[in-house]
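Q: fold the following.
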Amino acid sequence: MNRLKRFVKYCLGWIYLFIFRYFKSFIISKSDIIFIFPYYHLGGAEQVHLDIVKAVSHKEVTVIFTHLSATDHYLPHFRESATIIELNSIINKKSNRVRKALFNTIAKAINGSKTVTHVFGCNSTYFYDILSLINTSKQRIDLIHAIAPNDSRISTLASSAKYIDTRVVINRKAKEDVLNIYRENNIIASPDKIRIISNGVDLSNIQDLSIKPVSEVLNVGFIGRWSDEKRPWIFLEIAKKIKLKFTGTHFKMAGSGMKGEKSRIQEAGVNYVGEITTISDLSKFYKELDLIIICSSTEGFPMVLMEAMPHGVIPVCTDVGGISEHIRHQENGILVGESIELEIIDSFVENLSDLITNDIKRLALAENARNYALNHFDIEKFNQSYRNLLS
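A: Next comes the predicted model:
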């Protein structure tokens, strides 16, 4: 039975490939820019990918999605700015022969096109499988949000360096991490080929930029997915300890992958508000907060901070990735430098306790956070940088 299933999947893979080759590959040939991304579900990286596509939507853009997304959250928005091709129905058949034929078909369509000028990929392993097949007449670009310690992509980033014309990173920390990979692998590459383009947010969506007045009730938030690198259980432990000391402090969580953790969240006295899928609901969530916690083990620079700080929400964060490039300790936020989880929790509790009991300091940090965001996070610079890169 298993052999029959594998044979059926194998045959379906070739059928879907035939359909793609003769009915969809021409879409690639008629494009100006090809993007290769894994997902369109809700997420910070996916939001950035959408913003890049929107920045160059005046061109003929095709976005190829290589993996099965958990939801359709951003799909309609991608469709507003680009033509969409999904490959999962072919790739998931797990046939190396079908996959190789697919990648060759994509490369042939790109290389034979008179209009395609740029091929841009991020977070998809399949992009790097296709990359070596792309002619040097096309600009080959990738984006790296962040590199974690012992990152599984390190060997791929090293081996693909010779095929990349421009490697985009979102901050200085990511650039230094890429250069370290090059040094460790004896790769000679010009630092000029690594370009920093910081992310941004559309500040025009924020209608009320006033600082929240002092209140006896403080709201502390977490927004993200339940994952090992985000460490939401640390947020729950912080909530338990703070609520024992300050009963007027409320904790709220929003994000994906948390439905199976609802009882754990409730036991910590935290209000889970579910996934937030609209800009208006997201703004409302941030406007209710006084403090937002990032307790991740690794980050680039979280979009959550770019979205929250314009509302005067104070970031309290683990000092990882590129966070310290924007967050100044005790100036526009709080940085927690400890690396052991119990010590991280204690440091968060200590810093939150200080902010909860010090209204003047809290208001000063809130105003500084808002002003910094308004001066540094506007998406227009981001848009212009990608237009220049992809022109």
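Q: low-confidence stretches in the stretch 201-350 of the chain?
A: The stretch 201-350 of the chain contains no residues with pLDDT under 70.
Q: what helices and strands are in contact with the helix ranked longest in the chain?
A: Ranked by residue count under DSSP state H, the longest helix found in the chain is helix 2-23. Counting contacts by 3 or more C-beta pairs under 8 Å, 6 or more residues apart in numbering; DSSP states H and E, helix 2-23 is packed against helix 88-91, helix 96-111. Where C-beta positions appear, they are placed from N, C-alpha and C, glycine not excepted.
Q: what's in contact with that helix?
A: Contact with helix 2-23 is made by 85, 87, 89-90, 93-95, 98, 101-102, 105, as judged by C-beta atoms under 8 Å, 6 or more residues apart in numbering.
Q: quick one: average pLDDT of it?
A: Helix 2-23 carries an average pLDDT of 83.
Q: for it, the distance to its chain's centre please.
A: Between the centre of helix 2-23 and the centre of its chain there are 32 Å (C-alpha atoms, centre = their mean, to the nearest Å).
Q: from the middle of its chain, how far away would the following helix or strand past it be?
A: The first helix or strand that comes after helix 2-23 along the chain, using DSSP states H and E, is helix 25-29. Relative to the chain's own centre, helix 25-29 is displaced by 28 Å; criterion: C-alpha atoms, centre = their mean.
Q: return the set of buried residues in helix 25-29.
A: 25, 27-29 (16 or more other C-beta atoms under 10 Å).
Q: now stretch 225-240
A: For stretch 225-240, burial by neighbour count (16+ other C-beta under 10 Å) applies to 225-226, 230-240.
Q: and of these, the nearest to residue 70?
A: Taking C-beta to C-beta as the measure, residue 70 lies nearest residue 225 of those, at 9.5 Å.
Q: for my notes, confirm the closest one occurs in a helix.
A: No. Counting by DSSP: H, G, I helix; E, B strand; the rest coil, residue 225 falls outside a helix, being coil.
Q: list the buried ones in stretch 353-372?
A: 355-356, 362-366, 368-370, 372.
Q: ignore the last one, stretch 327-342
A: Buried residues in stretch 327-342, counted by 16+ other C-beta under 10 Å: 327, 332-336.
Q: quick check: residue 48 touching residue 144?
A: No. Using C-beta atoms under 8 Å as the test, residue 48 is too far from residue 144 to be in contact (11.5 Å).
Q: list residues touching both of these two?
A: Going by C-beta under 8 Å, 6+ apart, residues that sit against residue 48 and also against residue 144 are residue 170.
Q: residue contacts, the residue positioned nearest the centre of the chain?
A: The centre of the chain sits closest to residue 45, judged by C-alpha atoms, centre = their mean, with a distance of 2.0 Å. The neighbours of residue 45, taking C-beta under 8 Å, 6+ apart as the test, are 122-123, 145.
Q: swap the cut-off to 7 Å and go again
A: 123, 145 (C-beta atoms under 7 Å, 6 or more residues apart in numbering).
Q: pretty sure it belongs to a helix, no?
A: Yes. Residue 45 forms part of a helix when assessed by three-state DSSP.
Q: how near is it to residue 314?
A: 25 Å (C-beta to C-beta, to the nearest Å).
Q: please enumerate the helices of the stretch 151-300 of the chain.
A: 154-159, 172-184, 232-245, 262-267, 279-288 (DSSP state H, counting those that start in this stretch).
Q: distance to residue 191 for those - can I get that in a markdown table?
A: A markdown table is the format used below for the helices of the stretch 151-300 of the chain (distance: least, C-beta to C-beta, whole Å):
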| stretch | distance to residue 191 |
| --- | --- |
| helix 154-159 | 15 |
| helix 172-184 | 7 |
| helix 232-245 | 36 |
| helix 262-267 | 45 |
| helix 279-288 | 37 |
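Q: so which of those comes closest to residue 204?
A: Set against residue 204 and scored by C-beta to C-beta, the helices of the stretch 151-300 of the chain come closest in helix 279-288, at 10.8 Å.
Q: which strands or helices does the closest one pack on?
A: If contacts are counted by 3 or more C-beta pairs under 7 Å, 6 or more residues apart in numbering; DSSP states H and E, helix 279-288 sits against helix 303-308.
Q: 8 Å - rerun?
A: Going by 3+ C-beta pairs under 8 Å, 6+ apart, helix 279-288 lies up against strand 218-223, strand 249-254, helix 303-308.
Q: so what strands line up beside the second one?
A: When sheet partners are counted by DSSP bridges, strand 249-254 sits next to strand 218-223 (parallel), strand 271-272 (parallel).
Q: name the nearest of the buried residues of stretch 225-240 relative to residue 277.
A: Residue 277 has its nearest neighbour among the buried residues of stretch 225-240 in residue 225, at 13.5 Å by C-beta to C-beta.
Q: isn't residue 297 right up against residue 229?
A: Yes. Residue 297 lies in contact with residue 229 (C-beta under 8 Å); the separation is 5.3 Å.
Q: shared neighbours, the two?
A: Shared contacts of residue 297 and residue 229 (C-beta under 8 Å, 6+ apart): residue 148.
Q: how near is the closest residue to residue 59 other than its chain neighbours to residue 115?
A: With C-beta to C-beta, 6 or more residues apart in numbering as the criterion, residue 59 has its nearest non-adjacent residue at 4.2 Å, and that residue is residue 32. Per C-beta to C-beta, residue 32 is found 6 Å from residue 115.
Q: which residue ranges make up the domains of the chain?
A: 2-200+379-389, 203-376 (automatic domain parsing).
Q: hang on, the earlier thing: neighbour count: residue 32 and residue 115, which is higher?
A: Shown here are residue 32 and residue 115; by other C-beta atoms under 10 Å, residue 32 has more neighbours (17 against 12).
Q: next, that one: phi, psi?
A: phi -100, psi -40 (degrees, to the nearest 10).
Q: so what's it scoring on pLDDT?
A: With respect to pLDDT, residue 32 scores 98.
Q: repeat that for the one 10 residues further on.
A: At residue 42 the predicted local distance difference test score is 89.
Q: helix, strand, or coil at the closest residue in space to residue 153 that isn't next to it in sequence?
A: Once flanking residues are discounted, residue 153 sits nearest to residue 147: 7.4 Å by C-beta to C-beta, 6+ apart. The local conformation at residue 147, judged by three-state DSSP, is coil.
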